[in-house]
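> Need coordinates for the below:
(one chain, ligands or ions: 1)
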Amino acid sequence: MSEPRLTPRVSAFSGVSKREFLEICGKGICAVALASLIPKGTGAQTQKKGLVKTKLSPYFTPLSGGDVRCDLCPRSCRVSKGKRGFCRVRENRDGKYYSLVYGNPCAIHLDPIEKKPLFHVLPATTSFSLATAGCNLQCKFCQNWEISQASPEDLYNYDVPPELVIGKAKEMGARSVAYTYVEPMIFYEYMTDIGELAKRAGLLNVCHSNGFINPEPLRNLCRVMDAANIDLKGFTDDFYRDVCSGELQPVLETLKTYKREKVHLEITNLVIPTKNDDLSTLKEMCVWIQKELGAETPLHFSRFYPLFKLKGLPPTPVSTLEKARSIAQSAGLEYVYIGNVPGHEGENTFCPKCKKMVIKRAGYMVGEVNLKEGKCKFCGKPIPGIWT
Ligand code: SF4
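Now for the predicted structure:
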């Protein structure tokens, strides 16, 4: 995932108020751990090693000999009795397929929505953000590999049913629930149940995803999802196969589906030196986005830092990100950002018509917002997004 690395648990913030939280954010510490969000006495404020909670998957096909085929993502795992799929969080129990991460997240934080990153959704609000163990890809650059490449038994998990997620999100003043940090599609059942409740409670649902999901579960998810930031990790089959253990084409289909289903869509491309930073390939990617998804699709070029299996590579030169941004703008994309470079001009939103700054940002902090009813305050051009 290219969302910034999870902040370690900060138990010193236990009992923190919303005002204190915002002050903490202002000092650059942008996450409050669940220990401070779940009240004492609920039995949920402490993590339990290996907590597993199950739910029958709606997306599997029984096969001969008690095997099943998982129909949730394009990997289409064939799984024998007692075994698990590639993502480690789905298990064949007597010929039925179960999620093992329904209501047992390993990470919950209250984050600025800018951290997802979603730059065109309710700026300067907080998002109740959660993740479980597991992932359906194995990216060599994963920033949260300690949880994405783990089984639920390996981790300390919380006991947080969907109702409690909504209650705490509301209590803490979050405007959205974010499914994030690892690939959220692998906790699909938990996400969609929370999503239904969130809608009824007036909260937005947002996700940061790798887009590696099958069309039918995706269309079903779009009923509750308001906004998605999808990682377009590269633009070649080789990159997806060699660096992510995935495939490009299903991700492109996912992007088109989100667009068609009118879910607000932003894209993140983590630019990794020598792996996916070829400028002509980046140009192809930008032209594809412009043609298939539209010039108004926000695109975030994010800076890589050496982690996990790519520790030997240097951080992305800022000049490479600037070239990528310039290429995207030349391809006609109107909202192109540079991420993981706090203070860079590319963090701000500019009106494509009058060129004035409509949202100023520094890191996850939002400064002036020059929008009026979703339009540029200076020239009246509508800016795409969810603003109220
Ligand atoms: S969701 Fe998991 S079990 Fe299902 S196909 Fe994908 S990797 Fe395999």
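> show me the contacts for residue 373.
Residue 373 makes contact with residue 387, according to C-beta atoms under 8 Å, 6 or more residues apart in numbering. Using the backbone N, CA and C atoms, a C-beta is placed for each residue, glycine as well.
> how many neighbours does residue 64 have?
Neighbours of residue 64 under the rule other C-beta atoms under 10 Å: 5.
> distance of the closest residue to the ligand within the chain from residue 134?
Scanning the chain for proximity to the ligand using C-beta to the nearest ligand atom identifies residue 85 as nearest, at 2.1 Å. Counting by C-beta to C-beta, to the nearest Å, the separation of residue 85 from residue 134 is 9 Å.
> out of those two, which sits in the more crowded spot?
Here residue 85 and residue 134 are set side by side on neighbour count (other C-beta under 10 Å), and the busier one is residue 134, at 28 against 25.
> tell me the secondary structure for that one?
When classified by DSSP: H, G, I helix; E, B strand; the rest coil, residue 134 comes out as coil.
> I'd say it and residue 187 touch.
Yes - in terms of C-beta atoms under 8 Å, residue 134 counts as a neighbour of residue 187; the distance is 7.4 Å.
> Now stretch 59-70: buried residues?
Judged by neighbour count (16 or more other C-beta atoms under 10 Å), stretch 59-70 contains these buried residues: 59, 60, 68, 70.
> Actually, stretch 183-196.
For stretch 183-196, the neighbour count (16+ other C-beta under 10 Å) marks 183-195 as buried.
> what's the nearest residue to residue 180 if we skip its chain neighbours?
Closest residue to residue 180 in three dimensions, ignoring its sequence neighbours and counting by C-beta to C-beta, 6 or more residues apart in numbering: residue 208, at 4.4 Å.
> Go ahead and confirm the one you found touches residue 115.
No - using C-beta under 8 Å, residue 208 is not in contact with residue 115, being 9.1 Å away.
> returning to that earlier point: if we look at the ligand, which of the buried residues of stretch 59-70 are close to it?
Among the buried residues of stretch 59-70, the ones lying near the ligand by C-beta under 6 Å from any ligand atom are residue 70.
> Which members of the buried residues of stretch 59-70 are the farthest-apart pair?
Longest distance between any two of the buried residues of stretch 59-70 is 10.3 Å, between 59 and 68; criterion C-beta to C-beta.
> Need the pLDDT of the nearest residue to residue 362 once chain neighbours are set aside.
The shortest distance from residue 362 to any residue other than its chain neighbours is 5.6 Å, reached at residue 343 (C-beta to C-beta, 6+ apart). pLDDT, the model's per-residue confidence, is 93 for residue 343.
> pretty sure residue 343 contacts residue 360?
No - judged on C-beta under 8 Å, residue 343 makes no contact with residue 360 at a distance of 11.2 Å.
> could you give me the average pLDDT of the helix or strand encompassing residue 266?
Residue 266 is part of strand 264-271, with elements assigned from DSSP states H and E. Summarised as a single mean, pLDDT over strand 264-271 is 98.
> Please report how far residue 315 lies from residue 177.
For residue 315, the distance to residue 177 - C-beta to C-beta - is 32 Å.
> Walk me through which strands the strand holding residue 266 pairs with, and which way each runs.
Applying DSSP bridges, strand 264-271 is found paired with strand 227-231 (parallel), strand 299-303 (parallel).
> what about the strands in the stretch 1-150 of the chain?
Listed in chain order, the strands of the stretch 1-150 of the chain (DSSP state E, counting those that start in this stretch) span 48-49, 55-56, 60-62, 68-70, 78-79, 90-93, 96-99, 107-112, 126-131.
> what does the stretch 51-200 of the chain put close to the ligand?
Taking C-beta under 6 Å from any ligand atom as the measure of proximity, the stretch 51-200 of the chain contacts the ligand at 70, 72, 73, 75, 76, 77, 85, 86, 87, 90, 136, 186.
> Phi first, then psi, for the second one.
Think residue 72. With angles defined as degrees, to the nearest 10, residue 72 sits at phi -80, psi -40.
> Looks like it contacts residue 59 (just checking).
Yes - between residue 72 and residue 59 there is a contact under C-beta under 8 Å: 4.5 Å.
> and for these two, which residues touch both?
Overlap between the neighbourhoods of residue 72 and residue 59 consists of 188, 214, 217, taking contacts as C-beta under 8 Å, 6+ apart.
> If anything else comes up later, I'll come back, but that's it for now.
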